[in-house]
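Peer 1: Need coordinates for the following:
(2 chains)
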Amino acid sequence: MRASQLFLPTLRDPPADAEAASHKLLVRGGFIRQLSAGVWTYLPLGWRVHQNVVAIIREEMDAIGGQEMLCPVLTPAELWEKSGRIVYPEVFKLRDRNDRPFVLPMTHEETFTFHAAELQSYRQLPQFWYHFGTKERDEPRPRGGLIRLREFIMKDSYSFDRDQAGLDESFLRHAEAYRRIFDRCGLRYYEVDAEPGMMGGSESWDYLVPASSGENVLALCENGDFGADTEVGRAVPPPPTFPAALDRTQEIETPGVGTIEALADFLGIDPRATSKAMPVVKSDGALVLGLVRGDDRLLDVKMAAALASDFRPAQEEEIRRTFGAGGGSLGPIGVSVEVVADEALREGQFVAGANRDGWHLLGVQAGRDYQPRFADIREVREGDTCPNCGGALQLQAAIEVGHIFKLGTHFSERLGANFVDEDGSERPIVMGSYGIGPARVIAAIVEQHLDEAGIAWPSSVAPYDVHVLALPGLDEQAAQVADALEHVGRRVLLDDRELRAGEKFADADLIGCPLRVTVGKRTLDDGAVDVRNRATGDEHRVAIADVAGVTV
RNA sequence: CGGGGCGUAGCGCAGCCUGGUUAGCGCGCGUGCUUUGGGAGCACGAGGCCGCCGGUUCGAAUCCGGCCGCCCCGACCA
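Peer 2: Residues are numbered from 1 along each chain as shown, chains lettered A, B, ... in the order given. Predicted structure coming up:
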């Protein structure tokens, strides 16, 4: 390809509204352009990279028996009413001229399950279908270039098995394929337990790529034996320094003490030896008391998982009616509601609210003084330690590039995707769903393969293998070099634009093809060119006759 | 949805507070000459609904009101 004819609008400066490195470089390099918040066009170079990522995914999906198909974007709302997902606020909804309701799907479980209803017999299972489909999500806040989009292409695949054992097998095969995909894309990533979500799946794993602009937070053990998404993973907080143990709880007046810091100061104790109570109301209206250590924070996604319900903070009036005290004086003793206590409160005696304004209790011990249900509901923090080996945990922002999920029978039951099993009985198909966002893969690759000058694409996804620079006056010679490379199957971008050498070098660094070949007077007299490795910066002189043989 | 910021040429910005000729600057773009291995120099030139609508005023990029859009933080998030 000749750069003089390529639509390649590179920019010297990053757009003012870009924050993430991948956002800045992909825009500057002429890979993508924004159309609206979270809505982007791939320009020619960006689409080539996208196609390369897609090709890798396709190969690995096919390698585990995937059958590629394509489902439409426009989808009758009826399917989503059956699955129950129609109520999600992120779902784009629209109507046709006859007022028939449609949705624009955020993923395609409903549609694939609709087709899976044609599967009749266990003899046809397992099946494994996928497509690269356009997803639409009315995100409340798109951001970061390609990191959170309102419209994007996703590889979503679906497995259809006769039983749980089959699903487990399909799930693991996907995990293997995903590892190969992300390896081939040059990503450093972690496979971690994920938040299963509200659809009742039993297990799900996330693929998280450490990158500062990511939205997930990864907890990693210094000894390498633990990695978890902090929305799911359990970590061990540093132990408290407890005051002398008491035989029974003791009331103490704490006038005007409204915060944990004030309480610890007033009593002269370690804040870690206190507890705090968070009254919440489940979606069925039941009030529950969440209890975490004084220095910890309740993490809402963990709490929701522990309660198996959404919840909201209780209101002042509800608190007073239930506990007979205000929000700053609540505790777990003598209450009529369920108490969900964090694991950190299992051992030891903590200070707790007395359910009496201006009073606390000393020496409150779980099991002896109150009977909670224990759950991991605290937010993982810097300074926590590894649950496996006790090593220090490090927190790191990460981009979620893939998610694999044991769905079970939620969709097959609601959409009537049943099969007849060997014993003649009809059963719902057991499903898994598996997603990868190529756009996020691209963003993640850039975040991990860049320097001050621009992107350094891994060869597997680079828009071109070799970037040949024709320095002024040497267009013909450069074209010959480019031809020689193309003849041996290399994908070549020939910069034949009428620009100064410095500008071509800068653009080449920015665009980030793995190899750069400079055709200039300086070396041509010797019948040679300079070949530079973008990632390492290594440059060496190669005779033109040998240039077709150079590799990264 | 809450908080903050921004909207002036393709990109980055100044001007606005304190209203007043033809709305500026850098980069980029076009033409010519000189240059030519790391974002050149000179000259000439093209390019603007100053986000939109309304109001105040003799006069609005500038003041006031409403709306729209975009970014960041939070909330939210299969």
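
Peer 1: can you give me the strands for the stretch 51-200 of chain A?
Peer 2: Listed in chain order, the strands of the stretch 51-200 of chain A (DSSP state E, counting those that start in this stretch) span A:67-68, A:75-76, A:92-95, A:101-104, A:127-136, A:151-161, A:190-193.

Peer 1: Can you show me the strands along the stretch 251-400 of chain A?
Peer 2: Under DSSP E, counting those that start in this stretch, the stretch 251-400 of chain A gives strands at A:275-282, A:287-293, A:311-313, A:338-342, A:349-353, A:359-365, A:373-375, A:393-408.

Peer 1: A:D168 is nearest to which of those?
Peer 2: Nearest to A:D168, of all those, is strand A:393-408, at 7.6 Å by C-beta to C-beta. C-beta coordinates here come from the backbone N, C-alpha and C atoms, glycine included.

Peer 1: Who are the packing partners of the closest one?
Peer 2: Contacts defined by 3 or more C-beta pairs under 8 Å, 6 or more residues apart in numbering; DSSP states H and E place strand A:393-408 against helix A:164-184, strand A:204-210, strand A:216-221, strand A:430-436, helix A:438-448.

Peer 1: Switch the ones you listed over to TSV, and while doing so, append mean neighbour count to every line.
Peer 2: Output for these, formatted as TSV (neighbours: other C-beta atoms under 10 Å):
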stretch	mean neighbour count
helix A:164-184	18
strand A:204-210	24
strand A:216-221	22
strand A:430-436	26
helix A:438-448	27
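
Peer 1: Now do the same for stretch A:400-419: mean pLDDT, whole number.
Peer 2: Averaged across stretch A:400-419, pLDDT comes to 95.

Peer 1: circling back: please identify the most buried of the strands of the stretch 51-200 of chain A.
Peer 2: For the strands of the stretch 51-200 of chain A, ranked by mean neighbour count under the definition mean count of other C-beta atoms under 10 Å, the leader is strand A:151-161 at a mean of 24.

Peer 1: Quick one: residues contacting whichever residue of the stretch 251-400 of chain A sits closest to RNA strand B.
Peer 2: Nearest residue of the stretch 251-400 of chain A to RNA strand B: A:D300, at 5.1 Å (C-beta to the nearest atom of the strand). Contacts of A:D300 were listed using C-beta atoms under 8 Å, 6 or more residues apart in numbering, and they are A:F311.

Peer 1: What parts of the stretch 351-500 of chain A come near RNA strand B?
Peer 2: Within the stretch 351-500 of chain A, the residues that sit near RNA strand B (C-beta under 7 Å from any atom of the strand) are A:403, A:405, A:407, A:410-411, A:433, A:435, A:453, A:471-473, A:499-500.

Peer 1: If we use 10 Å, what do you get?
Peer 2: For the stretch 351-500 of chain A, the residues in contact with RNA strand B (C-beta under 10 Å from any atom of the strand) are A:379, A:397, A:400, A:403, A:405, A:407-408, A:410-411, A:414, A:431-435, A:452-454, A:469, A:471-474, A:497-500.

Peer 1: Which entries within the residues you listed meet the buried criterion?
Peer 2: Listed as buried from these are A:379, A:397, A:400, A:403, A:405, A:407-408, A:410-411, A:414, A:431-435, A:454, A:469, A:471, A:474, A:497, A:499; burial here means 16 or more other C-beta atoms under 10 Å.

Peer 1: can you list the domain ranges for chain A.
Peer 2: Domains of chain A are assigned by automatic domain parsing as A:3-233+A:395-446, A:250-375, A:464-549.

Peer 1: which stretches of chain A have low pLDDT?
Peer 2: A:195-201 (pLDDT under 70).

Peer 1: Show me where it has its helices.
Peer 2: Ranges of helices in chain A, per DSSP state H, are A:21-28, A:44-63, A:77-83, A:109-116, A:164-184, A:260-267, A:300-307, A:316-323, A:410-415, A:438-448, A:475-487, A:501-511, A:521-524.

Peer 1: which of those sits most buried?
Peer 2: Greatest average neighbour count among those goes to helix A:438-448 (a mean of 27), per mean count of other C-beta under 10 Å.

Peer 1: Report the angle between that helix and strand A:151-161.
Peer 2: Here the directions of helix A:438-448 and strand A:151-161 differ by 110 degrees (axes from the mean of the first three to the mean of the last three C-alpha atoms, to 10 degrees).

Peer 1: and helix A:438-448, C-alpha only, in PDB?
Peer 2: Below are the C-alpha coordinates for helix A:438-448, written out as PDB (Å, rounded to 0.1, in the frame of the first residue of the first chain):
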ATOM      1  CA  PRO A 438     -11.700  -6.900  19.800                       C
ATOM      2  CA  ALA A 439     -11.800  -3.200  20.400                       C
ATOM      3  CA  ARG A 440     -10.800  -3.600  24.000                       C
ATOM      4  CA  VAL A 441      -8.100  -6.100  22.900                       C
ATOM      5  CA  ILE A 442      -6.700  -3.400  20.600                       C
ATOM      6  CA  ALA A 443      -6.800  -0.800  23.300                       C
ATOM      7  CA  ALA A 444      -5.200  -3.200  25.800                       C
ATOM      8  CA  ILE A 445      -2.400  -4.100  23.300                       C
ATOM      9  CA  VAL A 446      -1.600  -0.400  22.800                       C
ATOM     10  CA  GLU A 447      -1.600   0.200  26.500                       C
ATOM     11  CA  GLN A 448       1.000  -2.600  26.900                       C
END
